[in-house]
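Q: Could you look at this predicted model? Sequence included:
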Amino acid sequence: MMDKKQLRIIMRQRRREIYQKNGREINQKITAQLLAHPVYQRAEKLFIYLSVKDEADTYPIIEDALSKGKQVYVPVCLPATHTMQCVRLKSLAALVPGKYQIPEPASPHQIAEKNCIGLCIVPGLAFDRKGHRLGYGGGYYDRFLDGYTGSSFGLCYAGCMQEQLPRENTDKRVDGIFTETGFFPASKK
């Protein structure tokens, strides 16, 4: 099996190509899949990444959640500890440039404990059917998901789904993955 570093290079390129070919259409389908899911519909608070470049687009999801009165929290990275804070986002207009070129809410921050949030939407370069993900290598989401008691879902282009991903003991799984072709609950096998 290929190591994570090599696979990241391949999956970044694949995701870029998929996005360039028909990213808008694919993202609309992924969004529709998530918005129709009962866990999203019931969620009062969600933690969701702010998509950049060719990642699965989270902005329509955030707009929907805010319009429905859900509390939206986004990550603010703390590089010294490789951890994230759950920071309340009340408006997309309140975003400023943050670490790693990822937008984040302007200060002062309203921070929540992760287990007060029922739904976490996780980014990744690739996912497999068991809920394992290939992240970007910093371990931020693995640390966040360690001990997290809510539901966690990945957003992924179907062309980036893998049969099996390399993993380590510190890697944390998600409960399911949304793609443009449907929702895939993580297999326990």
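A: Good, I have the coordinates. Residues are numbered from 1 along each chain as shown.
Q: Would you mind listing where this structure has pLDDT under the threshold?
A: Applying pLDDT under 70 to the chain flags residues 1, 189.
Q: Please give me every residue in contact with the most centrally placed residue in it.
A: Residue closest to the average C-alpha location in the chain (Cα atoms, centre = their mean): residue 122, at 2.1 Å. With contacts defined as Cβ atoms under 8 Å, 6 or more residues apart in numbering, residue 122 is in contact with 49, 133, 141, 145, 152, 153, 154, 155, 174. Quick note: C-beta positions are derived from backbone N, CA and C, even for glycine.
Q: in the helix or strand hosting the third one, what counts as buried?
A: If I follow you right, that is residue 141. Taking DSSP states H and E as the definition, residue 141 sits inside helix 140-145. By 16 or more other Cβ atoms under 10 Å, the buried positions in helix 140-145 come out as 140, 141, 142, 143, 144, 145.
Q: And for stretch 150-162?
A: In stretch 150-162, counting by 16+ other Cβ under 10 Å, buried: 150, 151, 152, 153, 154, 155, 156, 157, 159, 160, 161, 162.
Q: just stretch 49-56 next, same as before
A: Buried, per 16+ other Cβ under 10 Å, within stretch 49-56: 49, 50, 51, 54, 55, 56.
Q: So what would you say the end-to-end distance of it is?
A: 10 Å (Cα to Cα, to the nearest Å).
Q: now swap in stretch 76-94 and tell me
A: Where stretch 76-94 begins and where it ends lie 14 Å apart, using Cα to Cα.
Q: Please enumerate the helices of the chain.
A: Taking DSSP state H, the helices of the chain run over residues 4-36, 38-42, 59-67, 140-145.
Q: circling back to that earlier point, farthest pair within the buried residues of stretch 150-162?
A: Farthest-apart pair in these is 150 and 159; separation 28.1 Å (Cβ to Cβ).
Q: Who's the closest spatial neighbour of residue 186, skipping the chain neighbours?
A: Excluding its sequence neighbours, the residue lying closest to residue 186 (Cβ to Cβ, 6 or more residues apart in numbering) is residue 131, at 2.9 Å.
Q: contacting residues for that neighbour?
A: Per Cβ under 8 Å, 6+ apart, neighbours of residue 131: 154, 173, 174, 175, 176, 177, 186, 187.
Q: Tabulate these (JSON lines), appending distance to residue 63.
A: Shown next, in JSON lines, are the contacts of residue 131 (distance: Cβ to Cβ, whole Å):
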{"residue": "154", "distance to residue 63": "20"}
{"residue": "173", "distance to residue 63": "28"}
{"residue": "174", "distance to residue 63": "23"}
{"residue": "175", "distance to residue 63": "24"}
{"residue": "176", "distance to residue 63": "22"}
{"residue": "177", "distance to residue 63": "22"}
{"residue": "186", "distance to residue 63": "27"}
{"residue": "187", "distance to residue 63": "32"}
